[in-house]
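# Predicted model follows, preceded by the sequence.
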Amino acid sequence: MGLNPLPTRASVTVDPASQDGWVTSRLDFLVNWARAGSLWPMPFGTACCAIEFMSTAASRFDLSRFGMERLSYSPRQADVLICAGRVPLKLAPVIRRIYQQMPQPKWVISMGACASTGGMFDNYAVVQGIDTIIPVDVYVPGCPPRPEALIHGILMLQQKVMRDRFKDRTLHVEIEPDPDSQLYIPPSRIDELSEPFGNSVNQTRSAP
Amino acid sequence: MTERRTLEVALGTSGLNAHGQPIRAPLTVQSGQAVALDARALREPEIENDHMLINIGPQHPATHGVLRLVLELDGETVVRCIPHIGYLHCGFEKIGEYRQYNQIIPWTDREDYLNSPGNNVAFSLGAERLFGVECTPRATVLRVMLMELSRIMSHVVWLGTTSVDMGAFTPFLWLYQERENVYNLLEGWFGARLTVSATRVGGMAADLPSGWLDGLRAFLKGFPKTLDESVGMLETNGIWAGRTVGLGAISAEDAVNAGLSGPMLRASGVAYDVRKDFPYLDYETYDFDVAVGTTGDVYDRFLVRVEEMRQSVRILEQALRRLPDGPINVDDPRLILPPKHKATSEMESMIHHFKLVMEGPRPPAGECYVPVESPKGEKGYYFVSDGTAKPVRWRIRPPSFVNLSAIPKMVEGHLLSDVIAINASIDIVMGEIDR
Amino acid sequence: MSEATRASVPSSAVTATQNGAVQNGAVQNGAVQSDTNGAPITPRGVVHRGGTPNATLPALVERFGGAIVRHDVTWGETCVIVQRDAVHAIIRWLHDEPSQRYDYLVDVTAVEFREATRPLEVVWHLRALAHRRFLRLKVELPKRLPLSVPSIVDIYSGADWLERECYDMFGIRFDGHPDLRRILMWDSYQEGFPLRKDFPLRGRFSRAEQLKQALAANPEARYSMEELHIAEAFDALPEDMKRRLTVEREAHGDVERGA
């Protein structure tokens, strides 16, 4: 765990004296560098994590350092959907639709325990992790995660962006959900991802 | 070699209309020639008398959460407003029936997440009434400090986000820096910034670390200056006043009948503050005023909340001076765990610890409702107990829920942009509305 | 430009002529206590049972004696359990009567107990701001009968959403409510009424099934028929959307507008 150090070999060589102002680089690197340095977030903030997201965007933990100060509330102009907060079942079609409205390339950060796994809300009303409805790239645990934790997640996403390669055609392909059930992963997998972890479902005794 | 075509576009117009202006006729290309489209075919339908149906939300930057407003608009004027909520319904009250009393406290944090410490205190007050205990003098003053800090935190978010809604971004940044200072204090005391779980049934989660009171004094010295700066940018600002004065007014009778509470009610002129009328935590012994407005419009609510922040600073200073020493937990073995060193060495204490943790404290059968003045209004938890460790019913009386139900009345007749301002003035937290 | 005036709130006088035992110079009116000058104070020494009831109680017994099933004082709060048919008249009297003036509705909720045979209780919390009183009113609804109580939206406009939530969570119908439909769950929610004791914590269906039903609830379908007719846009909708909306409304019954 932890951040992988960026490759040390320089991807861009600059020598103004000898090269007469020419710069060579891989196209992958330039495009990824541009994308990672200006990931425009779409804050899908629902609950307490949204407040910590706002704190991250405020002066002390400035998101502007990462090029992310331009919050985009229209999904059509956003790169990364940051789902901050719990997502109840009533909100599930909304987040699915917003994800589908974002143009490729797009990424998703699931911020907080509730967005990642359902958190402390293991009940009838809450989606047990938004990865059951939309594909997620980075999970940031915490309840709510500290701004530093969110920034760690953003840096991990930036590294993931830097690893994109044009020749890998499996990246950034829009996943179509099954037209009947609207699920994009099999139901058995959803049940497996949503398995309870032992909190009491009994009203008259402590043990589950 | 690709074909090249040259289009000859008619530079002349189709003539002049009755006002002597050139008739605008859209052109299209047919067989390489520019041809004017038949203007009659393009006549727009008469829509002046139709009403538009506009959907705001549930994902929207200015709805303060996942609120959905469906508006019927006549031009820019709102004719009808139909709010839809429930997009953050997470089954709090259901879960409360499956958890012991102390285990429910983290849920109270997440419900009105801007007022976490205040919710914790409200919960403990209600649960302690159900158990028939009263907290210690030191805990009483600590809880007052938590409630007022929480009020400041919540109003700061309200002021910051309302300014952003109306286009003023700077107060948000200045006020959020103050919020960071409070976060540092809370983190030093409880380990968490936002969702603190500050109290327990019968006492507090932890006592103050050394140096904490100096931190609070430093905050109280700096906060009024920041507040004055931020409010000074807005109070007499022409844009702010133009966008808030006379908007969304609700009369005192309507407000009382609709069950509004908190700054919404006081801005309309009704002097109901739970701290004064149904006191708790010895609030009657503190010297503070309650801000009451006159017309109940958005500007009055703004002034009421700003004044509440100043009064909270006043209460905090008094609480600082009167904080007594002593235990923070009530001396009741039904509720309080034994000290750790005893629980790991003495058999009785170990069993006591085990039973309290595994089974949870059991109150006598009964019910109670203890309201407090949260930043949003009258907040209370209604407990019904049947003598077991988990409540039969845990009801959250949500002030924002009832306050929001009055929005259709307040918004009708105003412009679309006013809807945002009025919605912001209610100070809603969807976590509390939908629970 | 209006100004918020700073005012010390004068507390409503609680006179010593109310039913209250004078203890240590303090007047106890259940959980609402005052000092010797009548100013409200933080309650201390609130007893579990047998406290002094609210001043409203004798007046209520005198006026509606037959409709009152029982009353008690728990933790200083007066609780009156009444017959279902008298509830609306009682609340109307409590609201209008000048000596009572319960002008503030705090809450409308319901309680289901764990014993299967114990009836459901619908609870109203009322407050008289001028007299500084709090009253809890209850109606017991046996589970074998249809769960319905009169709506008090005509008395308190704040009851609107509170009653809708009670319906959504418990399935209790409020007769006379102008628009009784679900408020927290989506309109076509099929799993039941969540706060009932026979409703499991994690719901009745599997997670995949819950997601399927939630995702099938299209965002367009969130517009009620009333809203679509405002825009006169129903005819202009695409065919499949029109069909979807019509089918949904027919399948779940049009509970809006009491149809």
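That came through, no problem.
# From here on, just use CA atoms for contacts and neighbour counts.
Will do.
# now the strands: where do they sit in the stretch 251-400 of chain B?
B:290-292, B:366-374, B:377-385, B:393-397 (DSSP state E, counting those that start in this stretch).
# got the phi/psi numbers for B:G222?
Here is the backbone geometry of B:G222 (degrees, to the nearest 10): phi -90, psi -30.
# Next one: it, what pLDDT does it get?
Looking at B:G222, its pLDDT stands at 94.
# Next one: it from A:P187, what distance?
Noted for B:G222: a distance of 55 Å to A:P187, by C-alpha to C-alpha, to the nearest Å.
# you'd agree B:P375 is up against B:M153?
No: B:P375 lies out of contact with B:M153 (C-alpha atoms under 8 Å); the separation is 9.2 Å.
# Show me whatever sits in contact with both of those two.
B:N115 (C-alpha atoms under 8 Å, 6 or more residues apart in numbering or on different chains).
# if you count what's nearby, which of the two comes out ahead?
Ranked by neighbour count (other C-alpha atoms under 10 Å in any protein chain shown), B:P375 and B:M153 place B:P375 first, with 29 against 24.
# Would you list the phi and psi of that one?
phi -60, psi -20.
# Quick one: residues contacting it.
So B:P375 contacts B:N115, B:S150, B:R151, B:S154, B:H155, B:G262, B:P263 (C-alpha under 8 Å, 6+ apart).
# Same list, these, but only the ones touching chain A.
Among the contacts of B:P375, no residue sits close to chain A (C-alpha under 8 Å from any C-alpha of the partner chain).
# re earlier: looking at the strands of the stretch 251-400 of chain B, which is nearest to B:L216?
strand B:366-374 (20.7 Å; C-alpha to C-alpha).
# by contact count, what packs against the closest one?
Counting contacts by 3 or more C-alpha pairs under 8 Å, 6 or more residues apart in numbering or on different chains; DSSP states H and E, strand B:366-374 packs against helix B:116-131, helix B:274-277, strand B:377-385, strand C:68-74.
# Show me what the longest one is packed up against.
Going back to what we said before, that points to helix B:116-131. Helix B:116-131 packs on helix B:101-111, helix B:137-165, strand B:199-200, strand B:366-374, strand B:377-385, going by 3+ C-alpha pairs under 8 Å, 6+ apart.
# quick one: the longest one near chain C?
No: for helix B:137-165 and chain C, the contact criterion (C-alpha under 8 Å from any C-alpha) is not met; the two come no nearer than 11.2 Å.
# Export stretch C:199-213 to PDB, keeping only CA atoms.
Taking Å, rounded to 0.1, in the frame of the first residue of the first chain, the C-alpha atoms of stretch C:199-213 are listed here in PDB:
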ATOM      1  CA  PHE C 199     -40.000  -5.900   8.300                       C
ATOM      2  CA  PRO C 200     -36.500  -7.300   8.500                       C
ATOM      3  CA  LEU C 201     -33.600  -4.800   8.900                       C
ATOM      4  CA  ARG C 202     -32.100  -5.600   5.600                       C
ATOM      5  CA  GLY C 203     -35.400  -5.700   3.700                       C
ATOM      6  CA  ARG C 204     -37.300  -8.600   2.300                       C
ATOM      7  CA  PHE C 205     -35.600  -8.900  -1.000                       C
ATOM      8  CA  SER C 206     -32.100  -9.800  -1.900                       C
ATOM      9  CA  ARG C 207     -29.700  -7.000  -2.500                       C
ATOM     10  CA  ALA C 208     -29.600  -7.600  -6.200                       C
ATOM     11  CA  GLU C 209     -33.400  -7.600  -6.400                       C
ATOM     12  CA  GLN C 210     -33.500  -4.400  -4.400                       C
ATOM     13  CA  LEU C 211     -31.100  -2.800  -6.800                       C
ATOM     14  CA  LYS C 212     -33.000  -4.000  -9.700                       C
ATOM     15  CA  GLN C 213     -36.200  -2.500  -8.400                       C
END
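# Tell me how many other residues surround A:P88.
For A:P88, the count of nearby residues is 29 (other C-alpha under 10 Å).
# Verify the stated contact: it with B:I85.
No: counting by C-alpha under 8 Å, A:P88 stays clear of B:I85, with 11.9 Å between them.
# Mind listing residues that contact stretch A:158-174?
Taking C-alpha under 8 Å, 6+ apart as the rule, stretch A:158-174 contacts A:L6, A:D28, A:F29, A:N32, A:W33, A:R35, A:A36, A:G37, A:Q104, A:P105, A:K106.
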